[in-house]
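>>> return atomic coordinates for the entry below.
(one chain, ligands or ions: 1)
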Amino acid sequence: MAKHRLIVIPPPFQGHMTPMLQLATILHSKGFSITVAHTNFNSPDPTNYPDDFTFLPFYDGLSDSCTLSPKNVIQISKTLNINCVTPVKELLLRIMDENKENQEEKILCVIYDGLMHFVDSVARELNLPTILFRTTCATNFLSYHSLPTLQTNGYLPLQDSSCVCMEMVEGLEPLRYRDLPIFNMGESATDTMVKQAAISLSVKPSLGVIFNTIEFLEASSLQKLRNLYKIGVFPIGPLHMLTPPSSQKQDNSSMTTTTSLMKEDYSCITWLNEQEPGSVLYVSLGSIASWNERELIEVAHGLANSEQRFLWVIRPETIKSIPEEVKSLAREKGRIVKWAPQREVLAHSAVGGFWSHCGWNSTLESVCFGVPMMCQPCFGDQRVNARLASHVWKVGIDCSEMRIGREEVEGAVRRMMVSWEGKEMRERAVLMKDKIRVGVRDQDALNALVHAIIMSTC
Ligand code: UDP
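Numbering: from 1, shown residues only. Here you go, the predicted structure:
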């Protein structure tokens with residue numbers, strides 16, 4: 001096959017960059033050339049990818065001092081959708097112009113992340129086919145369809161005090177109102193989110209939509225989306241399991257290409273090697289959410305009082321310095337790192353539980369490695385993922401209502417690590433891991449995607 005080119009456009013967020021670059025690596029192994037068009041802010045490290053990947057930065061207008069938080073992610077996305085229109089158009093035009101004599105380098109299509117929806121109209125203007133990549137689960141995206149009606153019917157904003165909180169949302173069962181991605185957001189943030197969701201729903205890429213999921217995990221939501229969309233819906237995932245080993249450029253300690261924007265601390269793997277099987281709780285809130293200083297202290301006490309071993313990620317940008325009290329409580333049974341090689345951690349036999357914010361990547365990684373979760377969603381789609389893990393797949397303890405206090409933490413950690421309930425979850429998680437491993441052998445969706453891309457030239 002001629003090496004036709006695909007342009008992939010991720011936003012500068014770890015949880016979105018990772019699956020997009022995994023997808024690009026998979027498509028590269030299918031014979032496509034890859035150009036990664038990316039923002040200057042949080043740019044990926046080209047040395048982690050195949051040598052013939054091309055990385056092209058574009059102007060994003062974000063300041064160097066920009067830091068991510070649950071509150072500003074939507075605002076940053078909005079800014080990118082305004083600032084990057086012209087830079088991305090110019091970049092695409094430049095690639096098209098440079099390759100106009102070379103049919104083999106022709107752009108076959110542009111794959112963009114749902115948060116970068118402006119790309120669709122830019123690419124269409126240039127007559128380039130488009131594919132939308134949604135990095136949240138299919139069930140979360142399905143829930144967007146209910147938001148306009150909820151607003152019209154006066155249900156929004158949804159708060160703890162809303163009387164419908166615990167009721168199921170019609171058509172989205174078993175999601176309750178409190179599991180929706182707009183729960184507890186406040187009036188203006190809810191409004192922004194509903195508008196963003198409406199834009200997301202209105203974008204209709206020409207070739208289809210990719211979800212980082214697998215039929216077995218979300219069959220009913222995928223079917224509903226197929227009925228709603230008249231274009232292809234491609235569940236291709238879990239992407240980290242499909243990323244080909246041949247693309248590995250890491251040292252031997254890494255099992256898949258690293259897509260990390262931060263330096264991973266491998267010393268924690270050496271520490272895990274010294275721990276008993278299933279004895280360690282891994283604690284991480286991903287790349288955006290965080291606990292404040294008071295909560296860190298309560299978590300440290302709760303972990304120490306539970307007498308369980310733990311590996312805890314505390315990102316440096318979330319706290320000026322880790323309080324001495326936390327460090328000293330962690331000294332005996334724990335280990336704190338700034339950023340972990342998470343997939344290696346979850347694959348390690350010493351890890352018996354994951355206290356997670358339930359970002360979709362973390363959720364997928366956890367179920368793929370057979371690790372049960374303490375599900376503590378912080379914002380957005382994490383509520384939906386937590387509901388799937390705890391209620392549908394039954395491999396997670398629902399901690400979404402848990403107050404961050406030392407007694408509550410101690411109780412939840414013991415429930416996860418030493419109770420019968422936790423043990424049963426661990427057993428179910430292992431069965432689920434095996435089922436996923438069987439499921440990923442079915443490459444129909446990936447083959448259909450490759451076919452759709454190739455046929456777009458005809
Ligand atoms: N991650 C990591 N090391 C850490 C914490 C997180 O490599 O110490 C990775 C994790 O494996 C996942 C991503 O960062 O792939 C986080 O994505 P997710 O969707 O779970 O959450 P987000 O960061 O978007 O909230």
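
>>> which residues touch the spatially closest residue to E105 that is not a sequence neighbour?
Spatial nearest neighbour of E105, excluding adjacent residues (CB to CB, 6 or more residues apart in numbering): N99 at 4.0 Å. For every residue, glycine as well, the C-beta is placed using N, CA and C. By CB atoms under 8 Å, 6 or more residues apart in numbering, the contact set of N99 is R5, E105, K106, I107.

>>> which of those residues fall within strands?
Counting by DSSP state E, the contacts of N99 place R5, I107 in strands.

>>> which residue ranges form the strands in the stretch 351-458 of the chain?
For the stretch 351-458 of the chain, strands defined by DSSP state E, counting those that start in this stretch occupy the ranges 351-356, 373-375, 396-398.

>>> same question for the chain.
Ranges of strands in the chain, per DSSP E, are 5-9, 33-39, 54-58, 107-113, 130-134, 208-211, 233-235, 280-284, 309-313, 334-337, 351-356, 373-375, 396-398.

>>> for the closest residue to I199 other than its chain neighbours, grab the count of nearby residues.
Excluding the flanking residues, the one nearest I199 by CB to CB, 6+ apart is H117, at 5.9 Å. Burial measure for H117: 19 neighbouring residues, criterion other CB atoms under 10 Å.

>>> give me the pLDDT for H117.
For H117, the model assigns a pLDDT of 95.

>>> cool, and L449?
97.

>>> compute the distance between it and M193, please.
29 Å (CB to CB, to the nearest Å).

>>> more neighbours: these two, which one.
A count of neighbours by other CB under 10 Å puts L449 above the other of L449 and M193, at 24 against 20.

>>> could you report the distance from the nearest residue to the more buried one once chain neighbours are set aside to V119?
The spatially closest residue to L449, leaving aside those adjacent along the chain, is F234, at 4.6 Å (CB to CB, 6+ apart). Distance from F234 to V119, counting by CB to CB: 18 Å.

>>> cool, G352 as well?
Distance from G352 to V119, by CB to CB: 42 Å.

>>> coming back round to it: thought the residue nearest to I199 was touching N81?
Yes: using CB atoms under 8 Å, H117 makes contact with N81 at a distance of 6.4 Å.

>>> lowest-confidence one in the contacts of N99?
Confidence by pLDDT is poorest for E105 among the contacts of N99, given 80.

>>> which stretches of the stretch 201-350 of the chain form helices?
Along the stretch 201-350 of the chain, the segments classed as helices by DSSP state H, counting those that start in this stretch run 215-228, 239-242, 267-273, 293-306, 324-333, 342-347.

>>> okay if I get those as CSV plus mean neighbour count and mean pLDDT?
Shown next, in CSV, are the helices of the stretch 201-350 of the chain (neighbours: other CB atoms under 10 Å; pLDDT from 0 to 100):
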stretch, mean neighbour count, mean pLDDT
helix 215-228, 17, 94
helix 239-242, 21, 96
helix 267-273, 16, 98
helix 293-306, 20, 98
helix 324-333, 15, 95
helix 342-347, 21, 97
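
>>> what about whatever residue of the stretch 1-150 of the chain ends up closest to the ligand, distance to V326?
Closest residue of the stretch 1-150 of the chain to the ligand, CB to the nearest ligand atom: G15 (2.0 Å). Distance of G15 to V326, computed by CB to CB: 25 Å.

>>> then W393?
32 Å.

>>> got it, and I453?
The gap separating I453 from V326 is 49 Å, by CB to CB.

>>> what helices and strands are in contact with the longest helix along the chain?
Looking across the chain with DSSP state H, the single longest helix is helix 420-439. Judged by 3 or more CB pairs under 8 Å, 6 or more residues apart in numbering; DSSP states H and E, helix 420-439 is in contact with helix 215-228, strand 351-356, helix 360-368, strand 396-398, helix 406-418.
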